[in-house]
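Asks: Sharing a model that was predicted from the sequence below.
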Amino acid sequence: MKDYLVKATTYDGAVRAYAITSTNTIKEMQRRQDTWATASAALGRTMTVGAMMGAMLKGDDTLTTKLEGNGPIGAVIADSDATGDVRGYVTNPHVDFELNDHGKLDVKRAVGTEGTLSVVKDLGMKEHFTGQVPIVSGEVGEDFTYYFANSEQTPSAVGAGVLVNPDHSILAAGGFIVQMMPGADEEVIARLEEKIQSFPAVSTLVREGNSPEQMLERLFGEEEVTIHGRLPVRFQCKCSKERVERAILGLGNDEIQNMIDEDHGAEATCHFCNEVYRLTEEELETLKASAED
């Protein structure tokens, strides 16, 4: 099954919902980042939620989420956009523990319970929108739930899960975001809270073959779900040799000359995809010449 997400409404438009299968996307992340199981779960959950948040954007808008706690995993970062492209990385990918008391990957221990969750949106305006909240649990889904309620004033429920095989490869990944629209009455909210509390682990549903539509149908039960759009999701990095060249140009000719004299070239590795870009002495000389023109 290819990764994709759906946008939907239910309860006569009083509730907005997103659901996603992201297994292949998180597999590609794990392959590139060489994350161990618990790190895969933390970054996979963050990227899964980030992809759904990206789907809330329009046009060329982009979004960066950063979960920075006091756990050994370090910063967990995901970039996404309105087209379904998402990428991410974690500071320390080789983090793994024994399962927690609930028999699940101990994401809370990896992320930490103190720190911040920040969301930066580039909406094509002079200033970026930035929202930041304290980490409330380190479990990712609960932290994004808190972010929506406190930074965007949108009561929400966020679920994301990643199942990992014993060899650290990814078995299943997916998630959902359910949001109350202005005017949603207390009865609707109470019914939804009850359903979400008893909802199975979303990664298990994905492993069993449930599509995003089927996950929403299962969540909302008898309520009519109106699908407003489907969006393919994939791991996609924006790095390129041209971007590296522009970054080197920004260092100035003196620094470029140092690279030529001391290193006899330049090498840069992308944090997100681990692609390595190399420039020869001749290419650096060409960059210098273009800057002088």
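Replies: Yes, it's here. Please read all numbers here as calculations on a predicted model, not as lab measurements.
Asks: quick one, helices of this protein?
Replies: Using DSSP state H, the helices of the chain run over 23-33, 37-54, 107-111, 141-151, 186-197, 202-207, 212-220, 241-249, 253-258, 281-292.
Asks: got TSV for those, with mean neighbour count too?
Replies: Yep, even glycine has a C-beta here, placed from its N, CA and C like the rest. Formatted as TSV, the entries for those read as follows, by neighbours: other C-beta atoms under 10 Å:
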stretch	mean neighbour count
helix 23-33	22
helix 37-54	29
helix 107-111	25
helix 141-151	20
helix 186-197	13
helix 202-207	23
helix 212-220	20
helix 241-249	15
helix 253-258	13
helix 281-292	14
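Asks: Ok, which of those comes nearest residue 158?
Replies: Closest approach to residue 158 among the helices of the chain (C-beta to C-beta): helix 141-151, 4.2 Å.
Asks: Off-centre distance for that closest one?
Replies: Taking the mean C-alpha point of helix 141-151 and that of its whole chain, the gap between them comes to 14 Å (C-alpha atoms, centre = their mean, to the nearest Å).
Asks: So which residues make contact with that helix?
Replies: With C-beta atoms under 8 Å, 6 or more residues apart in numbering as the contact definition, helix 141-151 has outside contacts at 45, 49, 67, 117, 119, 131-133, 135-137, 154-160, 175, 177, 179.
Asks: Over to stretch 280-291?
Replies: Counting by C-beta under 8 Å, 6+ apart, residues outside stretch 280-291 touching it are 245, 248-249, 253, 256-257, 259-260, 264-266, 279.
Asks: go again using 10 Å as the cut-off
Replies: Outside of stretch 280-291, the residues that reach it under the criterion C-beta atoms under 10 Å, 6 or more residues apart in numbering are 241, 245-246, 248-254, 256-257, 259-261, 263-266, 279.
Asks: Show me the domain layout of the protein.
Replies: When the chain is parsed with automatic domain parsing, its domains come out as 4-235, 241-292.
Asks: okay if I get those domains as TSV plus mean pLDDT?
Replies: Formatted as TSV, the domains of the chain follow (pLDDT from 0 to 100):
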stretch	mean pLDDT
domain 4-235	94
domain 241-292	88
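Asks: could I get stretch 239-254 in CSV with only the CA atoms?
Replies: Extracted in CSV, the C-alpha atoms of stretch 239-254 (Å, rounded to 0.1, in the frame of the first residue of the first chain):
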residue,chain,number,x,y,z
CYS,A,239,18.9,19.1,-0.6
SER,A,240,21.0,19.3,-3.8
LYS,A,241,24.5,20.0,-5.0
GLU,A,242,23.4,23.5,-6.1
ARG,A,243,22.2,24.3,-2.5
VAL,A,244,25.6,23.2,-1.2
GLU,A,245,27.3,25.5,-3.7
ARG,A,246,25.1,28.4,-2.7
ALA,A,247,25.9,27.8,1.0
ILE,A,248,29.7,27.7,0.2
LEU,A,249,29.4,30.9,-1.8
GLY,A,250,27.9,32.5,1.2
LEU,A,251,31.1,31.8,3.2
GLY,A,252,33.1,34.2,1.1
ASN,A,253,36.2,33.9,-1.1
ASP,A,254,38.7,33.7,1.8
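Asks: For the stretch 51-200 of the chain, just list every one of the strands.
Replies: Counting by DSSP state E, counting those that start in this stretch, the segments of the stretch 51-200 of the chain that form strands are 62-69, 75-81, 85-90, 115-122, 129-134, 156-164, 170-180.
Asks: mind checking which of these is nearest residue 25?
Replies: Across the strands of the stretch 51-200 of the chain, residue 25 has its closest neighbour in strand 85-90 (6.4 Å, C-beta to C-beta).
Asks: which helices and strands sit right next to the closest one?
Replies: Taking 3 or more C-beta pairs under 10 Å, 6 or more residues apart in numbering; DSSP states H and E as contact, the helices and strands that strand 85-90 lies on are helix 23-33, helix 37-54, strand 62-69, strand 75-81, strand 234-235.
Asks: Who are the packing partners of the first one?
Replies: Okay, so that is helix 23-33. When contacts are defined as 3+ C-beta pairs under 10 Å, 6+ apart, helix 23-33 sits against helix 37-54, strand 85-90, strand 156-164, strand 170-180, helix 202-207, strand 234-235.
Asks: Relative to the second one, what are the paired strands and their orientations?
Replies: Using DSSP bridges, the strands paired with strand 85-90 are strand 75-81 (antiparallel), strand 234-235 (parallel).
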